[in-house]
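1. Need a 3D model of the following:
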Amino acid sequence: MSENYYMINMQKLLYIVKELHIRGYEKLRIIPSLSPSGLYWRCIFLADTDSDRTTIVSSGWIQDVLAIEQKNEYSIGELTDRFEKDHIDFLNLCKAKNKEYVAWYVDMLHCLKEGELPYAFSDYFGPTGYWETSQKQNIPTLPDEKSYYGNT
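-> Model prediction:
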């Protein structure tokens, strides 16, 4: 069986966020979703500040950086360094503590298998109290998580 490098490479975004959290950008959240056709995974990075919510379509960024459907040897650290260099102004908005989200996020990552992608919603799956995954898991979210989906 051949590897699905699209799924594997897109999942790297989730681990970039974990590394960014470690670097102190704890106000960084993600909003994963599916395209209207259901064939493509989208991921928005959101800076959750008190006064504003700024977003970046990170799934577009990684497709500019990687040959998304091919094997790539970039480490998560290298990709994180690149994202940090490309988007330091955005990340500076994320420089604050958010221990509850970071702890939930690490737990969410532990639920995923290699290449498995979560999504909060799609055209056929509305926001709920959990994220569904590409392998039909349901991962519970934080209680207020749905409130972030309307401003993307």
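2. quick one, helices of the chain?
-> Taking DSSP state H as the test, the helices found in the chain are 5-22, 58-65, 76-86, 88-92, 99-111.
3. and the ones you listed, which one's lowest on average pLDDT?
-> Across the helices of the chain, helix 58-65 has the smallest mean pLDDT, namely a mean of 91.
4. Dump that helix to CSV, keeping only the CA atoms.
-> Output in CSV follows, covering the C-alpha atoms of helix 58-65 (Å, rounded to 0.1, in the frame of the first residue of the first chain):
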residue,chain,number,x,y,z
SER,A,58,-1.8,27.5,7.0
SER,A,59,-2.8,24.7,4.7
GLY,A,60,-2.0,27.1,1.8
TRP,A,61,1.3,28.0,3.4
ILE,A,62,2.5,24.4,3.7
GLN,A,63,1.6,23.7,0.1
ASP,A,64,3.8,26.6,-0.9
VAL,A,65,6.7,25.2,1.2
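5. and that helix, what other elements does it pack with?
-> Applying 3 or more CB pairs under 8 Å, 6 or more residues apart in numbering; DSSP states H and E, we find helix 58-65 packed against helix 5-22, strand 41-48, helix 76-86. Glycine gets a C-beta too; all of them are placed from N, C-alpha and C.
6. Let's have the ones you listed in JSON lines, adding mean neighbour count and distance to residue 141.
-> As requested, the helices and strands packed on helix 58-65 are exported to JSON lines (neighbours: other CB atoms under 10 Å; distance: least, CB to CB, whole Å):
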{"stretch": "helix 5-22", "mean neighbour count": "19", "distance to residue 141": "14"}
{"stretch": "strand 41-48", "mean neighbour count": "21", "distance to residue 141": "14"}
{"stretch": "helix 76-86", "mean neighbour count": "16", "distance to residue 141": "23"}
